[in-house]
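Undergrad: got a predicted model here, sequence first, then my questions.
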Amino acid sequence: MFKGIFGRKVGMTQVYDAEGNIATVTVVAAEPCVVVQTKRADGPDGYEAIVVGFGEAKKPIKPHEGRFKKLGLPMEAGVFNQFSDQVSRVEEKDDHFLYYIDRCPVCWGRKTDKPVCYAATGLLQESLRWLSGGKEFRIDETSCIGVGDTSCTFKIYKEPIG
């Protein structure tokens, strides 16, 4: 499995270690990445891979709700199901999506009095921002395993904020 950082080279500089030795280093601006496609070994490509989006989308994707349905939210849920212990699924409603995490890594085994899945909310917000070319979307966590619910559920409104 590949492990590394996706980033854009900003420049070069020098740093000193504890003994005073100088080292030349590359300065990298690392930004959030979003998985935009998965490839399966039994699919037309014949191998397993993920396609990662990085930086700002060159062209805003329109219509945004169509792209979320086709590539965004279901694809994100599929990637988490395939490459982690997280179990996710998506349902589409008239004016929103429901994103379920049935095995949430944030609150699994925790007991709280209110929803605590801020990291999952942030991940969803960033992936939607990337897919839509910078638009913000309202996301409400409506249930949480840590509170005693059967899944963590996020209501994601289709219309951008503002």
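TA: Nice, I can see it. From a predicted model like this one, the values you see are computed outputs, not experimental measurements. Residues are numbered from 1 along each chain as shown.
Undergrad: got the buried residues for the host helix or strand of Y100?
TA: Here Y100, judged by DSSP states H and E, is contained in strand 96-103. Within strand 96-103, the residues that count as buried by 16 or more other CB atoms under 10 Å are 96-101. All C-beta spots, glycine's among them, are computed from the backbone N, C-alpha and C.
Undergrad: any chance of CSV for the residues you listed, columns distance to A77 and pLDDT?
TA: As requested, the buried residues of strand 96-103 are arranged in CSV below (distance: CB to CB, whole Å; pLDDT from 0 to 100):
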residue, distance to A77, pLDDT
H96, 15, 92
F97, 10, 91
L98, 11, 94
Y99, 7, 93
Y100, 8, 94
I101, 9, 92
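Undergrad: need these in TSV with distance to I145, can you?
TA: Below are the buried residues of strand 96-103 laid out as TSV (distance: CB to CB, whole Å):
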residue	distance to I145
H96	21
F97	19
L98	15
Y99	14
Y100	11
I101	8
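Undergrad: picking up where we left off before, mind giving me the packing neighbours of whichever helix or strand comes after the strand holding Y100?
TA: The C-terminal neighbour of strand 96-103 among helices and strands, as given by DSSP H and E, is helix 118-131. When contacts are defined as 3 or more CB pairs under 8 Å, 6 or more residues apart in numbering; DSSP states H and E, helix 118-131 packs onto strand 33-39, helix 73-83, strand 137-143, strand 152-160.
Undergrad: so which of these is nearest A23?
TA: strand 33-39 (27.2 Å; CB to CB).
Undergrad: for the closest one, the distance to its chain's centre please.
TA: 9 Å (CA atoms, centre = their mean, to the nearest Å).
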